[in-house]
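Trainee: okay, sequence plus prediction incoming.
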Amino acid sequence: MVDILLWILIVVMFLLSFVGLIYPIIPSVIVIWIGFLVYQFGINGDELGFLFWTIMVIFTVILFVADILANSYFVKKFGGSKWGERGAAVAVIVGSFVIPPFGIIIIPFIAVFIIEVMQKRTITDAFKASIGSLLGFLGGTLAKVIIQLVMIILFVINIIF
């Protein structure tokens, strides 16, 4: 009975990690790790070895770097400024509380636009930077979805085989 409850908790943690992609206040990667640790310390401490944990640390680092790089890359590619990049990052967090889940797309778009206009950019340039912010968010989110799925699949493969 305890194992069933722990498995339910693990599955809930994995699902919650994807909710964290829409609500950035939920730390997706930490939630996945909680699922791994529940298994390690609650179900079978011998199953997940050094190689598994090493790979998960690498994927965790990639998750953080991918998000930052995607946002920076697209905002820069579309002519945005450093202030636009920073504003987009803050606006994603604020947007998760304002008209969720759409706020994490709309609020950064508007924030980057306003920041770029305040820096004496043309309306067209500010709009392009806003599009870059949107593409950066979507690119980073897509990368996170793929990496999180790989982490979960590797976990399942590791415990089955």
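Mentor: Perfect, thanks for sending it. All values derive from a computational prediction rather than experimental measurement.

Trainee: residues in contact with Met83?
Mentor: Quick fix: residue 83 reads Trp, not Met. By Cβ atoms under 8 Å, 6 or more residues apart in numbering, the residues touching Trp83 are Ile115, Gln119. Where C-beta positions appear, they are placed from N, C-alpha and C, glycine not excepted.

Trainee: looking at this protein, which helix or strand does the model trust least?
Mentor: helix 82-95 (a mean of 84; mean pLDDT, DSSP states H and E).

Trainee: what lies in contact with the next helix or strand after that one?
Mentor: Scanning forward in sequence from helix 82-95 by DSSP states H and E, the next helix or strand is helix 103-118. Residues from elsewhere that reach helix 103-118, judged by Cβ under 8 Å, 6+ apart: 22-24, 75, 80-81, 83-84, 87-88, 90-92, 94-99, 123, 125-127, 129-134, 137.

Trainee: give me the angle between helix 103-118 and helix 82-95.
Mentor: Per axes from the mean of the first three to the mean of the last three Cα atoms, to 10 degrees, the angle that helix 103-118 makes with helix 82-95 is 150 degrees.

Trainee: list the buried residues of helix 103-118.
Mentor: Neighbour-count burial for helix 103-118, counted by 16 or more other Cβ atoms under 10 Å, picks out 103-105, 107-113, 115-117.

Trainee: where are the low-confidence patches of this protein?
Mentor: Residue ranges of the chain with pLDDT under 70: 67.

Trainee: quick check: longest helix of it.
Mentor: helix 123-160 (DSSP state H).

Trainee: that older thread, now the least confident helix or strand of the chain: buried residues?
Mentor: The neighbour-count check on helix 82-95 (16+ other Cβ under 10 Å) flags Gly84, Glu85, Gly87, Ala88, Ala89, Ala91, Val92, Gly95 as buried.

Trainee: secondary structure element holding the closest residue to the fifth one other than its chain neighbours?
Mentor: The shortest distance from Ala89 to any non-neighbouring residue, by Cβ to Cβ, 6 or more residues apart in numbering, is to Asn71 (6.7 Å). In this structure, Asn71 is located in helix 50-77 according to DSSP H and E.

Trainee: report the angle between that helix and helix 82-95.
Mentor: 120 degrees.
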